[in-house]
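Peer 1: I'd like to go over a predicted model; first the sequence, then the structure.
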Amino acid sequence: MFGQHRETDGIKVFFLAGQSNMVGYGNNKDLPEYLNQEFANVFIFHGNPSVVNDSLAGHGKWEKLKPGHGEMFSFDGNKNIMSNLFGVELSFAKRMQELYPNEKIAIIKYSHGGTSIDSIQKVASWDPDYNGDEDKMGINQYDFFLRTMQNAYAISDINADGHPDCLIPSGIVWMQGESDALHTEEVALQYYKNIKRLMNLIRTALNKDDLPVVIGKISDSGMNKEGKMWKYGELVQYAQEKYTRIDKNAAIVRDTKDYGYSDGAHYNSAGYISLGESFASLLYELNNE
């Protein structure tokens, strides 16, 4: 669907998706100088996040990457509204520039906090068969992700240099699972089946069945009175490990267990920087095996 292009200027494109730790809660004021900048050769299309099927869900605008694509980012129909927060995209892009020197990089991002990949959970699910809660007029997050990709690919010249661009699908980055680990054992036990299906559907949409996938292993801050944020976290962690063990074109970032937290559910600024670097390094290894 989105992976076929005419021969033009080739730009590697990476797809960033998931829930709140993909959205990003790093504080811009904590950024080191080498990340606190506008990236000359990195372009991002950030689909407007939503849980309702409104006219702006999944819409956005290609721009050079800069800080502000974290929580509270939005698109108003004409321009990107930047936030004071960032996610993994900055350090991911910086590491990719180191790995692919002198190449342009493109990022398509769509993520929403609190989302599950199981429709049983009924929290803005990524389940492609989920039609949404009637009171929220939703469809599902997978549909919004596809809408984001459709809108991103509709622009033939993403860097506005007068030459059509060929976006070459080069990897999926997925950070999600906390919501599936929170409430019921039933949902957590379905995680392997659900993530396998969802990643394969995204690959199919991109016309590349072996497109590399890197996921972030969920971790637990222990910052609540029970000492455990995600009641069934170990089940989701096991499913994530199983997925990357069986799928030969997938890998997992495990150092999330060592990150600090800004609150019970979200990593601190240093954690997001480390996570972005790890995502990029593992994707590069998968693409060059």
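Peer 2: Structure's in. What do you need?

Peer 1: what about the residue nearest to Leu90 when sequence neighbours are not counted, how many neighbours?
Peer 2: Take Leu90 and drop its neighbours on the chain: the residue closest to it by Cβ to Cβ, 6 or more residues apart in numbering is Leu35, 4.6 Å away. C-beta coordinates here come from the backbone N, C-alpha and C atoms, glycine included. If you count neighbours by other Cβ atoms under 10 Å, Leu35 ends up with 21.

Peer 1: list the buried residues of the lengthiest helix in the chain.
Peer 2: Criterion DSSP state H: the longest helix present in the chain is helix 269-287. For helix 269-287, the neighbour count (16 or more other Cβ atoms under 10 Å) marks 269, 271-284, 286 as buried.

Peer 1: out of the residues you listed, which comes closest to Lys196?
Peer 2: Among these, Leu286 lies closest to Lys196 (Cβ to Cβ), at 16.7 Å.

Peer 1: so what's that closest one closest to, chain neighbours aside?
Peer 2: Nearest to Leu286 is Pro212, by Cβ to Cβ, 6+ apart, at 3.7 Å.

Peer 1: Leu99 versus that neighbour, what's the distance?
Peer 2: Distance, Pro212 to Leu99, using Cβ to Cβ, to the nearest Å: 13 Å.

Peer 1: in terms of neighbours, single out the busier of the two.
Peer 2: Higher neighbour count among Pro212 and Leu99: Pro212, with 25 against 16, using other Cβ under 10 Å.

Peer 1: could you report the pLDDT at that one?
Peer 2: Per-residue pLDDT puts Pro212 at 98.

Peer 1: and for Met1?
Peer 2: pLDDT recorded at Met1 is 64.

Peer 1: these two touch, right, Ser74 and Asn48?
Peer 2: Yes - here Ser74 reaches Asn48: they are 5.8 Å apart, a contact under Cβ atoms under 8 Å.

Peer 1: looking at these two, which has the bigger crowd around it?
Peer 2: More crowded of Ser74 and Asn48, by other Cβ under 10 Å: Asn48, with 24 against 16.

Peer 1: once you drop chain neighbours, what's closest to the more buried one?
Peer 2: Nearest to Asn48 is Phe75, by Cβ to Cβ, 6+ apart, at 4.1 Å.

Peer 1: now Gly10
Peer 2: Among residues not flanking Gly10 along the chain, Cys166 sits closest, at 4.8 Å (Cβ to Cβ, 6+ apart).

Peer 1: how much space between the one you found and Ala40?
Peer 2: On the measure of Cβ to Cβ, Cys166 and Ala40 end up 20 Å apart.

Peer 1: what do you get for Val214?
Peer 2: 25 Å.

Peer 1: compare these two and say which is more crowded by neighbours.
Peer 2: Between Val214 and Ala40, counting by other Cβ under 10 Å, Val214 is the more crowded of the two (25 against 10).
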